[in-house]
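>>> Kindly generate the corresponding structure for this input.
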Amino acid sequence: MDKQISGILAGVGAILAAIGPFGHGVAGAVGAVLLFVGLALLADFYGDRAMREDATMWFILAFIATVVLAFAFGAAISSFIAELLSGRLLFSAVSLAVGLAGLIASWLLYIYSGRKFKNIMDSLAAKTGEGLYRTAGDLYRWGAVLVIVVVGVLLLAVAYIIAGVALLITALK
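Numbering: from 1, shown residues only. I've put the predicted structure just below:
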């Protein structure tokens, strides 16, 4: 597949991925898959094996982190509901502990995925000369670190949008 189609695929995917955390999980999931496929194809186009491996690891880590985060959120909600309905503090404490452990595990996975995404963006910046890639990589990395506090989710969304714009700019040159 050529560079232009791969870039458009990845760019549209990145913009859709930005929508995901704000209530449109299906669009976010589809966007993340499109972004991954586009990045992998771009890595193949450039013959950059390290970029391909980083894209694969970024996708796997971000996916697992999202699943773990959903599990942690579910555990916290179930704890709250159990406490309200039965008043059994032990069950609630266990659920909260599992939820907290899941939150921390998810956070660490997001941080590691942030490093991989940053590597991808730095590689694209070096290959294309487009500085927006570096900005997207930096914002994603900081968003991953700060995802434990809600502002990180916003930074991740902005990083995806900037990455999408950079991908579309370079695809349409």
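>>> for the spatially most central residue of the chain, what are its contacts?
Residue closest to the mean C-alpha point of the chain, counted by CA atoms, centre = their mean, is residue 62 at 4.9 Å. Taking CB atoms under 8 Å, 6 or more residues apart in numbering as the contact definition, residue 62 lies against 32, 109-110, 113, 117. To be clear about C-beta, it is placed using only N, CA and C from the backbone, and glycine gets the same treatment.
>>> Also residue 5?
Going by CB under 8 Å, 6+ apart, the list of residues near residue 5 reads 41, 171.
>>> Now it: which helix or strand?
Using DSSP states H and E, residue 5 falls within helix 3-19.
>>> quick one on the thing from earlier: which SSE is the residue nearest to the centre of the chain in?
For residue 62, the host element (DSSP H and E) is helix 49-86.
>>> what comes up buried for that helix?
Going by neighbour count (16 or more other CB atoms under 10 Å), the buried part of helix 49-86 is 51-52, 54-55, 57-59, 61-66, 68-69, 71-72, 75-76, 78-79, 82-83.
>>> quick check: angle from that helix to helix 3-19?
20 degrees (axes from the mean of the first three to the mean of the last three CA atoms, to 10 degrees).
>>> Averaged pLDDT, helix 49-86. What do you get?
The pLDDT scores in helix 49-86 average 86.
>>> cool, stretch 133-141 as well?
For stretch 133-141, the mean confidence score works out to 96.
>>> Roughly how far does residue 98 sit from residue 58?
26 Å (CB to CB, to the nearest Å).
>>> what sits up against the host helix or strand of residue 152?
Taking DSSP H and E as the criterion, residue 152 maps to helix 151-171. Outside helix 151-171, the residues that touch it by CB under 8 Å, 6+ apart are 3-8, 10-15, 17-19, 21-22, 31, 35, 38, 110, 117, 121, 124, 128, 130, 132-133, 135-137, 139-140, 142-147.
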